[in-house]
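Participant: give me a 3D structure for the following:
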Amino acid sequence: MKYTIPGELPGLNEVLDRAKGHWSQYAKLKRDYTLLCSACARKLDPIEGAVAVEIQWHCKNKKRDPDNIASAKKFILDGLIIAGVLPNDGWAQIAKLTDTFRVARSNPRIEVTLTKHT
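Facilitator: Numbering: from 1, shown residues only. Below is the predicted model of the structure:
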């Protein structure tokens, strides 16, 4: 199964900046982006058992480091739980995580592919 999240998600540096401020700033950021990721995954069927998750990060430029960008997978995985696609994001459900990075100046997005892991 494959779906797309439009735009870019906040990276680790932005999350940490919010967390250093008032706790509610981080809570709002986490809620808003998790709900965005959930809305994008709502049409997917529920998956039982373990999955391999491949995330292709199509970024508008190379200004952020890949590890900073990939930290946003927290929003993606939590969004899959809220959408009812995964029951949890623990070891029993996530068998493999793969990140690839590309530049897509005019169409930044995140493409997520879930494959049943056997």
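Participant: Lys28 and Arg18: what is the separation?
Facilitator: In this structure, Lys28 lies at 8 Å from Arg18, with CB to CB, to the nearest Å as the measure. C-betas here are computed from N, CA, C, even on glycine.
Participant: so these two - more neighbours on which side?
Facilitator: Here Lys28 and Arg18 are set side by side on neighbour count (other CB atoms under 10 Å), and the busier one is Arg18, at 18 against 12.
Participant: check which helix or strand that one maps to.
Facilitator: In this structure, Arg18 is located in helix 12-20 according to DSSP states H and E.
Participant: show residues contacting the helix or strand that that helix is followed by.
Facilitator: Beyond helix 12-20 in the direction of the C-terminus, DSSP H and E gives the next helix or strand as helix 23-41. Contact with helix 23-41 is made by 3-6, 9-10, 14-15, 18-19, 72, 75-76, 78-80, 82-83, 85, 112, as judged by CB atoms under 8 Å, 6 or more residues apart in numbering.
Participant: roughly how far apart are the most centrally placed residue in the chain and Ser24?
Facilitator: Per CA atoms, centre = their mean, the C-alpha nearest to the average position across the chain is that of Ile76, at 2.6 Å. From Ile76 over to Ser24 the distance is 23 Å, taken as CB to CB.
Participant: what does Leu12 give?
Facilitator: Plainly put, Leu12 is 19 Å away from Ser24 if you go by CB to CB.
Participant: swap in His58?
Facilitator: As it turns out, when the distance is counted by CB to CB, His58 lies 31 Å from Ser24.
Participant: so which of the two has more stuff around it?
Facilitator: When neighbours are counted by other CB under 10 Å, His58 and Ser24 differ, and His58 comes out ahead with 18 against 9.
Participant: any idea of the pLDDT on that one?
Facilitator: Predicted confidence (pLDDT) at His58: the value is 98.
Participant: got a list of what it touches?
Facilitator: With contact set as CB under 8 Å, 6+ apart, His58 has these partners: Arg102, Val103, Ala104, Asn107, Pro108, Arg109, Ile110, Glu111.
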